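K.L.:
the following block contains a protein sequence and its predicted model.
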Amino acid sequence: MNRLTYNTLLTALALSVVVPMARAAEPANPDPYANETPAQRDVRMQWWREARFGMFIHWGVYAVPAGVYKDKKGGAEWIMAIQKIPKAEYQGLAKQFNPVKYDPDAWVRLAKEAGMKYIVITSKHHDGFALFDSKASDWNVVKASPCGKDLLKPLAEACRKHGIKLGFYYSQAQDWCNKTGNHVDDYLRDVAVPQVRELLSNYGDDTPAIFWWDTPYDMTPQRVAPLLDLLKLKPGILHNNRLVRPEVGGDFSTPERKIPATGLGDRDWETCMTMNSNWGYVSYDNQWKSGENLIRNLIDIASKGGNYLLNIGPTAEGEFPQPCIDRLQQVGKWMKVNGEAIYGTRANPFEKLPFDGRCTRKPFDAAQGKPGKLFLHVYRRPANGKITLPLSNTITKAYLLATPDAALTVADKTITLPDSLPDPIATVAAVEIAGEPVVAIETTPAKGEE
Ligand code: JFZ
């Protein structure tokens, strides 16, 4: 074969191999957890699921009017919108935001004393005021208030020192000062995206552990993509369901001021709740929930498999209102005795409890040789002092967490409580069982079997 024919053949062969047109590359999915396996997610969520209890902090310029503007009551963190305060007037209030009594170490110690394992603070709420030094907008605590310093940095240091995780709340779509008039896309480009990058970059490798988005107005998958993508700056970070509608994304749902009647199935969730009636500090709001109510909320939420994010609204001077401190300490006293019945527990396995109270449980752990435990949170002692559990399992041991060395009498599935219970709010009886709970299904006797 002569050379020409050979080269022609080679060319023809080369051309005949149709190189598939390189398809336009699919845009990478911005969600850092798009390909996460359930097992990987369990590892990432583990600390949060074990924590069960956190502190929400709503703090900002709105603590200056504290619910009253020009003698008119109304609004807390929403006071600018509710009382239609003109932007310039509202921003003038920042001149009075000087938290000279701010002691982040004391705040973190109070959260820890209450039994809380994480804190979520409003880094920027809907009024747009940033509690941090931001290059994206001068409407921040360093440039616009006499405080003149980043308030998140010392809080992050205090959390690190005391082993408390820190999360940032960020209102990514509402901003009554930075977004006047301009389009949401301009706001996202000029303020929200740069500030989220600052919050994810400037507070240490471990901070924030949580990103708490809020009010996803006008947010579309395209608009949230750069925000989702920024989460990759903090591998392992958790974030909530309020980045975009429908609010089914993120790592956990956020029922607000309410406790889902039967939990949210397999979905992780966290009830956020005020301690009085407002998120931000309101000088005249003395509708404080009782310590009993707060403790029973915590128990109820844990018994349904959720987390409790309990809110504090600090004053403009940087102090927790005394009624908050009193309640945090009361909850902490209960948690010191009964925390085992909350931390790392799972939901009540029973359809119906044979006593007035709630139930949480810890699974049987063969690897650690730990028996399965049911925690009976008894609100009112049964008249006969006995609780018979609808279980097929053998009960191997029972005792009150308040007196762990005093075994309770167990007869088959019935435990006998002491004549008086040590805690009028909730006395916890730990019941050790062999294996995972096998709940005896209550069958109504067929006709004629009564
Ligand atoms: C939002 C904020 O507007 C409020 O100021 C506070 O920060 C709270 C924790 O979050 O409030 C909401 C958000 C969502 C609903 C209701 C109030 N909702 O979905 O019903």
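P.N.:
Thanks, I have the structure now. Residues are numbered from 1 along each chain as shown.
K.L.:
ok, then the element right after the lowest-mean-pLDDT helix or strand in the chain?
P.N.:
Within the chain, confidence by mean pLDDT, DSSP states H and E is lowest for helix 3-16 among all helices and strands, at a mean of 47. With elements assigned by DSSP states H and E, the helix or strand that comes after helix 3-16 is helix 38-51.
K.L.:
how about that next one: buried residues?
P.N.:
44, 48-49, 51 (16 or more other Cβ atoms under 10 Å). To be clear about C-beta, it is placed using only N, CA and C from the backbone, and glycine gets the same treatment.
K.L.:
stretch 109-128 now?
P.N.:
For stretch 109-128, by 16+ other Cβ under 10 Å, it's 110-128.
K.L.:
and what of stretch 102-110?
P.N.:
102, 104, 107-108, 110.
K.L.:
got it, and stretch 187-204?
P.N.:
For stretch 187-204, a neighbour-count test (16+ other Cβ under 10 Å) marks 187-188, 191-200, 203 as buried.
K.L.:
other residues contacting it?
P.N.:
123-124, 128, 130, 132, 134-137, 152-153, 156, 160, 166, 168, 170, 172-173, 175, 178-179, 182, 208, 211, 223, 226-227, 230-231, 233-234, 237 (Cβ atoms under 8 Å, 6 or more residues apart in numbering).
K.L.:
those in helices, which ones?
P.N.:
Per DSSP state H, helices hold the following members of those: 152-153, 156, 160, 223, 226-227, 230.
K.L.:
make a markdown table from those residues and add distance to the ligand to it.
P.N.:
As requested, the ones in helices among the contacts of stretch 187-204 are exported to a markdown table (distance: Cβ to the nearest ligand atom, whole Å):
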| residue | distance to the ligand |
| --- | --- |
| Leu152 | 17 |
| Lys153 | 22 |
| Ala156 | 21 |
| Arg160 | 25 |
| Arg223 | 18 |
| Pro226 | 22 |
| Leu227 | 17 |
| Leu230 | 21 |
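K.L.:
may I ask which two of those residues are separated the most?
P.N.:
Within the ones in helices among the contacts of stretch 187-204, Arg160 and Arg223 form the most distant pair, 32.9 Å apart (Cβ to Cβ).
K.L.:
those two: who's more crowded?
P.N.:
Counted by other Cβ atoms under 10 Å, Arg160 and Arg223 do not tie: Arg223 has more neighbours, with 20 against 17.
K.L.:
residues contacting the more buried one?
P.N.:
Per Cβ under 8 Å, 6+ apart, neighbours of Arg223: 184-185, 188, 244.
K.L.:
now Gly163
P.N.:
For Gly163, the contact set (Cβ under 8 Å, 6+ apart) comprises Lys112.
K.L.:
distance check, it against Thr274.
P.N.:
26 Å (Cβ to Cβ, to the nearest Å).
K.L.:
give me the mean pLDDT for the strand ranked longest in the chain.
P.N.:
Assignment by DSSP state E gives strand 372-380 as the longest strand of the chain. Taken as a whole, strand 372-380 has a mean pLDDT of 97.
K.L.:
closest one of the buried residues of helix 38-51 to Pro437?
P.N.:
After measuring those against Pro437 - Cβ to Cβ - the closest member comes out as Arg49, at 18.6 Å.
K.L.:
looks like that closest one contacts Thr345 (just checking).
P.N.:
No: here Arg49 does not reach Thr345: they are 9.3 Å apart, not a contact under Cβ atoms under 8 Å.
K.L.:
domain ranges for the chain?
P.N.:
38-341, 356-433 (automatic domain parsing).
K.L.:
give the contact list for the closest residue to Gly67 other than its chain neighbours.
P.N.:
Distances taken as Cβ to Cβ, 6 or more residues apart in numbering place Val282 nearest to Gly67, at 3.4 Å, with adjacent residues excluded. Residues in contact with Val282 (Cβ under 8 Å, 6+ apart) are 66-67, 76, 276, 313.
K.L.:
among these, which two are most distant?
P.N.:
Maximum distance among the contacts of Val282 (Cβ to Cβ): 12.3 Å, for Ala66 and Asn276.
K.L.:
re earlier: now do the buried residues in the longest strand of the chain.
P.N.:
372-379.
K.L.:
repeat that for stretch 319-330.
P.N.:
319-321, 324-325, 327-328, 330.
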